[in-house]
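In: Quick check, what structure comes out for this input:
(one chain, ligands or ions: 1)
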Amino acid sequence: MIRIRAAKRGDTKAIGRIQVETWRDAYAGLLPDKVLLRMSAEIEGGRWVRVIERRESVVVAEDSKAGVIGFGSGGPSRVRQLPYNGEVYTLYVAPGYQGKGIGRRLLRALFVELELAGHKSALIWVLKANQSRFFYEAMGGRHVADRDERLWGTVVTEAAYGWDDLAVPCSRR
Ligand SMILES: CC(C)(COP(=O)(O)OP(=O)(O)OC[C@H]1O[C@@H](n2cnc3c(N)ncnc32)[C@H](O)[C@@H]1OP(=O)(O)O)[C@@H](O)C(=O)NCCC(=O)NCCS
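Out: A predicted model of the protein is given here:
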């Protein structure tokens, strides 16, 4: 059984591990190898301790046997030029658990958190070359912008997917 709940400090080790696993799996060939190779679950986990302490919205998917197998986070939009006030910052499901509806449940939970925090709309930035962006289309997100970002010396194109009204139930969401 899998349940979605707010993240606790004790989840950060698992969150760090999933972040490293999913980055290496999803971003191989898209981000520099040396960045992916030198990632450490411990260092990433330490960063998430600070995120949770800042009381950002962080949710996890917990399997009754395997423990935490996915997570997501969100808060105010970091981009003022687009008419979206909430943002999903991260959403990752561990490789062995993808394609089972967990990403959808995590995204819905983040939308609820964003609405509770007073955000009416939301967007997410995703690497354009990452096939996972089609997940956001399947979730009713609209491709609203592209931008070029310099990450670790490489220029990558990111696509923004937006949801205009978090209160409107979307049939595919
Ligand atoms: C992207 C991700 C969060 C999606 O979570 P998931 O649990 O695998 O997705 P779900 O099983 O909830 O899928 C829900 C729907 O999206 C669709 N979908 C999921 N991934 C898809 C993809 N890559 N392309 C097209 N459709 C996709 C599913 O088919 C399903 O559609 P349906 O409702 O018609 O059946 C997850 O696969 C992941 O963590 N990927 C690697 C890391 C990553 O790139 N994260 C995004 C960073 S912004």
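In: Need the residues that contact stretch 145-158.
Out: 30-32, 35, 82, 125-129, 159-160, 162 (C-beta atoms under 8 Å, 6 or more residues apart in numbering). C-beta coordinates here come from the backbone N, C-alpha and C atoms, glycine included.
In: Kindly indicate which of those residues lies nearest the ligand.
Out: Looking at those and their distance to the ligand, the nearest is residue 126, at 4.2 Å (C-beta to the nearest ligand atom).
In: check contacts around that closest one.
Out: Residue 126 neighbours (C-beta under 8 Å, 6+ apart): 132, 133, 136, 158, 159, 160, 161.
In: Filter the contacts of stretch 145-158 down to the buried ones.
Out: 31, 125, 126, 127, 128, 159, 160, 162 (16 or more other C-beta atoms under 10 Å).
In: Show me these that map onto helices.
Out: Among these, DSSP state H puts none in helices.
In: State the pLDDT value of the closest residue to the ligand within the chain.
Out: At 2.0 Å from the ligand, residue 103 is the closest residue in the chain, using C-beta to the nearest ligand atom. Confidence at residue 103, expressed as pLDDT, is 96.
In: now, which of the contacts of residue 126 lie close to the ligand?
Out: residue 132 (C-beta under 6 Å from any ligand atom).
In: circling back to that earlier point, can you confirm the residue of the chain closest to the ligand is in a helix?
Out: Yes. Counting by DSSP: H, G, I helix; E, B strand; the rest coil, residue 103 is part of a helix.
In: quick one on the thing from earlier: show me which pair in the contacts of stretch 145-158 is furthest apart.
Out: 32 and 162 (28.7 Å; C-beta to C-beta).
In: ok, back up a step: strands - which of the contacts of stretch 145-158 land there?
Out: In this view, the contacts of stretch 145-158 that belong to strands under DSSP state E are 125, 126, 127, 159, 160, 162.
In: What's the separation between the first one and residue 12?
Out: In this case it means residue 125. 23 Å (C-beta to C-beta, to the nearest Å).
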